[in-house]
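Engineer: Sequence first, then the predicted structure, then my questions.
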Number of protein chains: 2
Amino acid sequence: MTAVTQPRRRMAAADRREAILGAALDVFAARGFHDTTLDAVAGRAGISKALIYEHFESKRELHRALMERYVRELLARVMEAIGPAAHGEPRLRAGVGAFLDFVEERRDAWRFVFRNVGDPEIADLVARLRDEVAAAIAGLMAADAPPEWSADPVLALETEMVAQELTGAVQALANWWDEHRDVPRQRIFQSIMDFAWIGLDRLAQGARWGGGTSRT
Amino acid sequence: MTAVTQPRRRMAAADRREAILGAALDVFAARGFHDTTLDAVAGRAGISKALIYEHFESKRELHRALMERYVRELLARVMEAIGPAAHGEPRLRAGVGAFLDFVEERRDAWRFVFRNVGDPEIADLVARLRDEVAAAIAGLMAADAPPEWSADPVLALETEMVAQELTGAVQALANWWDEHRDVPRQRIFQSIMDFAWIGLDRLAQGARWGGGTSRT
DNA sequence: ACTCTAACTGACCGATGAGTCAGTTAGGTG
DNA sequence: CACCTAACTGACTCATCGGTCAGTTAGAGT
């Protein structure tokens, strides 16, 4: 972990800020929030620690800036993909696809976001992301379900739970993929669709395993 | 967060060790690894920090002792429940049931284990737990599948992925449950079975969503 | 070439918290 | 009761790291 740019010095403020963010992403993603020192970030960026404070209030704010950026980007990409798609299965396909694109193209960003759950302050941001995604999924499901669902609080809770399970499953597989890069994207994608959609589809039809009666 | 026992002093070594572990569980579960100080643990146990070092080498070792204990216990309970059960769905039922029992009875232990992902060294331990559970699930699935599966490396990978998805879904819902204690256990259980088993069941039959052909 | 500002640095401070040690005392044993 | 060991403590050290400040200098503008 050494400096990434030696030749030039004296960058424009905006460029320097970006360079710092880049270095911070690397170090945070590799070490997690608590185990990264600002000296390490400075070293990685090839500058002195004091310069970081010309651009960011504190370590937390530097971290938050990165988190904001990637949470926003991930969310935007998924939403954009979901929006134009038809309802139901093509929509899930689009959403999962956009998500996997993000994980594939920005591995360190993905790692960064999910290497830092556990810290109370950070957990809030990630929880917000998760809840927004869950809400999107809930919307997706509601759109496919009979209209009386949205009114029923019991089913609303049901939907929320399924959304949690789905995001959990996808997140877990994304992390697994991160440790098995040789597995092609298509396999991951197919696995998620197999696992999730079948369950979701039958759930939407009111099917229930065992007993078969829908609780009220 | 104050001392939990004032009257007695001078406990037997083994008892004191347990008392320290109890206090440490509380503080670690509430604050996470990095944000707990040994002074806080000592305060919680009503002893001096130095005494902790009579029983544990370091902060890490104290943490590891707890992690080992609960990882082992969780694993043992799930395995024990799974063992005698028949194959297939009753087995999944038993495993998920045992898992939910653990989460319900030992909320702080559950919180402790999953409040500390992010730290590299800790993440390893949790990853080991996850992989062992995933392996158990893979075994469960293999037992239900035609024998030629176990030989096929492609399907072995498939199984591993599904195991990851399943554990991810269950873990996510468990965390959600932790923030919604009012939801009865039965609802959680049913949701998992609805979501997971349907998918797993059809997957075992070689069904695939979209296209319907099993890749090789 | 001179200037002047904004980019940049090294050397520092203060807080925090893990880990240590020289003792002090409770309470079981002979 | 006296003793002696093992439980226990207070008061320390020491390293780390976030954050600061008094400057130094590159380099654009004139």
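Structural biologist: Arrived safely, thanks for sending.
Engineer: What's the local residue count around residue A:105?
Structural biologist: Using other C-beta atoms under 10 Å in any protein chain shown, residue A:105 has 10 neighbouring residues. C-betas here are computed from N, CA, C, even on glycine.
Engineer: now the residue nearest to residue A:48 when sequence neighbours are not counted: how far from chain B?
Structural biologist: Counting by C-beta to C-beta, 6 or more residues apart in numbering or on different chains, the nearest residue to residue A:48 once its immediate chain neighbours are dropped is residue A:42, at 5.8 Å. Per C-beta to the nearest C-beta, to the nearest Å, residue A:42 is found 21 Å from chain B.
Engineer: shouldn't residue A:42 be in contact with residue A:52?
Structural biologist: Yes. Between residue A:42 and residue A:52 there is a contact at 6.0 Å, judged by C-beta atoms under 8 Å.
Engineer: show me what contacts the residue nearest to residue A:48?
Structural biologist: By C-beta atoms under 8 Å, 6 or more residues apart in numbering or on different chains, the residues touching residue A:42 are A:23, A:48-49, A:51-52.
Engineer: Residue A:45 touches residue A:19, doesn't it?
Structural biologist: Yes. Using C-beta under 8 Å, residue A:45 is in contact with residue A:19, at 5.5 Å.
Engineer: So those two - more neighbours on which side?
Structural biologist: residue A:45 (23 against 19).
Engineer: wait, doesn't residue A:129 sit right on residue A:70?
Structural biologist: No. Taking contacts as C-beta under 8 Å, residue A:129 lies outside contact range of residue A:70: 9.2 Å.
Engineer: list residues touching both of those two?
Structural biologist: Common contact partners of residue A:129 and residue A:70 (C-beta under 8 Å, 6+ apart): residue A:113.
Engineer: Can you read off the pLDDT for residue A:208?
Structural biologist: With respect to pLDDT, residue A:208 has a value of 47.
Engineer: what do you get for residue A:105?
Structural biologist: As predicted, residue A:105 sits at a pLDDT of 96.
Engineer: Dihedrals phi and psi, it?
Structural biologist: Taking degrees, to the nearest 10, you get phi -80, psi -30 for the backbone angles of residue A:105.
Engineer: which residues sit in contact with it?
Structural biologist: No residues are in contact with residue A:105 under the rule C-beta under 8 Å, 6+ apart.
Engineer: distance of it from residue A:186?
Structural biologist: Per C-beta to C-beta, to the nearest Å, residue A:105 is found 16 Å from residue A:186.
Engineer: for residue A:136, same thing?
Structural biologist: 24 Å.
Engineer: likewise residue A:116?
Structural biologist: Distance, residue A:116 to residue A:186, by C-beta to C-beta: 29 Å.
Engineer: Then residue A:109?
Structural biologist: 22 Å.
Engineer: which of these two has more neighbours?
Structural biologist: More crowded of residue A:109 and residue A:186, by other C-beta under 10 Å: residue A:109, with 20 against 10.
Engineer: Skipping its backbone neighbours, what lies nearest that one in space?
Structural biologist: In space, and not counting its chain neighbours, residue A:109 is closest to residue A:70: 4.6 Å by C-beta to C-beta, 6+ apart.
Engineer: Spit out the contact partners of that neighbour.
Structural biologist: Each residue near residue A:70 by C-beta under 8 Å, 6+ apart is listed here: A:106, A:109, A:112-113.
Engineer: What does residue A:76 show for phi and psi?
Structural biologist: phi -60, psi -40.
Engineer: Neighbours of it, how many?
Structural biologist: Neighbours of residue A:76 using other C-beta under 10 Å come to 12.
Engineer: what do you get for residue A:177?
Structural biologist: 23.
Engineer: and if you look at residue A:132?
Structural biologist: Other residues near residue A:132 number 15, with proximity taken as other C-beta under 10 Å.
Engineer: so which helix or strand takes in it?
Structural biologist: helix A:120-144 (DSSP states H and E).
Engineer: With residue A:113 as the reference, measure out to residue A:74.
Structural biologist: For residue A:74, the distance to residue A:113 (C-beta to C-beta) stands at 7 Å.
Engineer: Is there any residue in stretch A:35-50 that contacts DNA strand C?
Structural biologist: Yes. Interface with DNA strand C: stretch A:35-50 contributes A:46-50 (C-beta under 7 Å from any atom of the strand).
Engineer: And that stretch, end to end?
Structural biologist: End-to-end distance for stretch A:35-50: 19 Å, by C-alpha to C-alpha, to the nearest Å.
Engineer: Would it count as contacting DNA strand D?
Structural biologist: Yes. Counting by C-beta under 7 Å from any atom of the strand, DNA strand D is contacted by stretch A:35-50 at A:36-39, A:49-50.
Engineer: Any buried residues in that stretch, and which?
Structural biologist: A:36, A:38, A:40-47 (16 or more other C-beta atoms under 10 Å in any protein chain shown).
Engineer: Confirm for me that residue A:183 is in contact with residue A:177.
Structural biologist: Yes. Look at residue A:183 against residue A:177 with C-beta under 8 Å: they come within range, at 6.3 Å.
Engineer: Point out where chain A drops to low pLDDT.
Structural biologist: A:1-8, A:117-118, A:120, A:140-151, A:198-216 (pLDDT under 70).
Engineer: Up against DNA strand C, what does it have?
Structural biologist: By C-beta under 7 Å from any atom of the strand, the residues of chain A that approach DNA strand C are A:9-13, A:16, A:46-51, A:54.
Engineer: mind running it again at 6 Å?
Structural biologist: A:9-11, A:13, A:16, A:47-48, A:50-51, A:54 (C-beta under 6 Å from any atom of the strand).
Engineer: Quick one, which of these are buried?
Structural biologist: Neighbour-count burial (16+ other C-beta under 10 Å) applied to the residues of chain A next to DNA strand C gives A:16, A:47.
Engineer: and the residues of chain A next to DNA strand C, which of them are in helices?
Structural biologist: Using DSSP state H, the subset of the residues of chain A next to DNA strand C located in helices is A:13, A:16, A:50-51, A:54.
Engineer: and the two most separated of the residues you listed?
Structural biologist: Largest separation among those by C-beta to C-beta: A:13 and A:50, giving 14.7 Å.
Engineer: Quick one: end-to-end distance for stretch A:38-58.
Structural biologist: End-to-end distance for stretch A:38-58, by C-alpha to C-alpha: 10 Å.
Engineer: try stretch A:115-126
Structural biologist: 11 Å.
Engineer: Just checking the distance from that stretch to the centre of its chain.
Structural biologist: Stretch A:115-126 has its C-alpha centroid displaced from the chain centroid by 12 Å (C-alpha atoms, centre = their mean, to the nearest Å).
Engineer: Let me see the ranges of the strands in chain A.
Structural biologist: For chain A, applying DSSP state E gives no strands.
Engineer: Any residues of it in contact with DNA strand D? List them.
Structural biologist: Residues of chain A lying close to DNA strand D (C-beta under 6 Å from any atom of the strand) are A:9-10, A:37-39, A:49-50, A:53, A:58-59.
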